[in-house]
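S.K.: Just to be clear, the model below is a prediction. Sequence and coordinates:
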Amino acid sequence: MAEERESRTSGPRDGGERGGSGPPRRRRFGGGGNRYFPRRKVCHFCIDGVDVVDYKDIGRLRRYVSDRGKIEPRRQSGTCAKHQRQLSRAIKRARHVALIPFSQ
């Protein structure tokens, strides 16, 4: 029993290694915990100075429609509330006029 105990505890131990199997984990310094701070998303319409989102601008509207044909939510696209309302209205109008398909 004493030999087994010695064999488990003997040998170099890296701070993140457990049980001696696999490569040692790397530690992150300066972060402090498992906090995740995503980069702040900015509204592309505000940056470009767009006052009104036009339903005929198909290239811009396609960026905000998913591959399944759904309108991307604000938290995912990063648009502000004002432009998100205009964007959803423009996408719906473009669908109605058959500029954008309802589903892919």
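M.R.: On my side now, so go ahead.
S.K.: so what pLDDT did P38 get?
M.R.: At P38, the pLDDT value in this model is 78.
S.K.: ok, it to R95 distance?
M.R.: Look at P38 and R95: by CB to CB, to the nearest Å, they are 30 Å apart. Just so you know, the C-beta spots here come from the backbone N, C-alpha and C atoms, and that holds for glycine as well.
S.K.: what's the answer for F45, then?
M.R.: Distance from F45 to R95, by CB to CB: 19 Å.
S.K.: sorry, back to before: neighbour count winner among P38 and R95?
M.R.: Using other CB atoms under 10 Å as the criterion, P38 and R95 rank with R95 on top: 18 against 5.
S.K.: Touching the regular element (helix or strand) spanning the more buried one from outside, list them.
M.R.: R95 is located in helix 81-96, with elements delineated by DSSP states H and E. With contacts defined as CB atoms under 8 Å, 6 or more residues apart in numbering, helix 81-96 is touched by 43, 45-46, 50, 52-58, 61, 64-65, 71, 74, 77, 79, 100-102.
S.K.: repeat that with 7 Å
M.R.: The contact list for helix 81-96 (CB atoms under 7 Å, 6 or more residues apart in numbering) reads 43, 45-46, 52-55, 58, 61, 64-65, 71, 74, 79, 100, 102.
S.K.: pLDDT on that helix, on average?
M.R.: Average pLDDT, helix 81-96: 96.
S.K.: Now that helix: buried residues?
M.R.: 83-84, 86-88, 90-91, 93-95 (16 or more other CB atoms under 10 Å).
S.K.: Stretch 52-61 now?
M.R.: 53, 55, 60-61.
S.K.: would you list the buried residues of helix 81-96 in TSV and tack on distance to S21?
M.R.: Shown next, in TSV, are those (distance: CB to CB, whole Å):
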residue	distance to S21
H83	52
Q84	49
Q86	55
L87	51
S88	51
A90	55
I91	52
R93	59
A94	56
R95	55
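S.K.: For N34, state which of the residues you listed is nearest.
M.R.: The closest of the buried residues of helix 81-96 to N34 turns out to be Q84 (CB to CB; 30.7 Å).
S.K.: With that, I have no additional questions.
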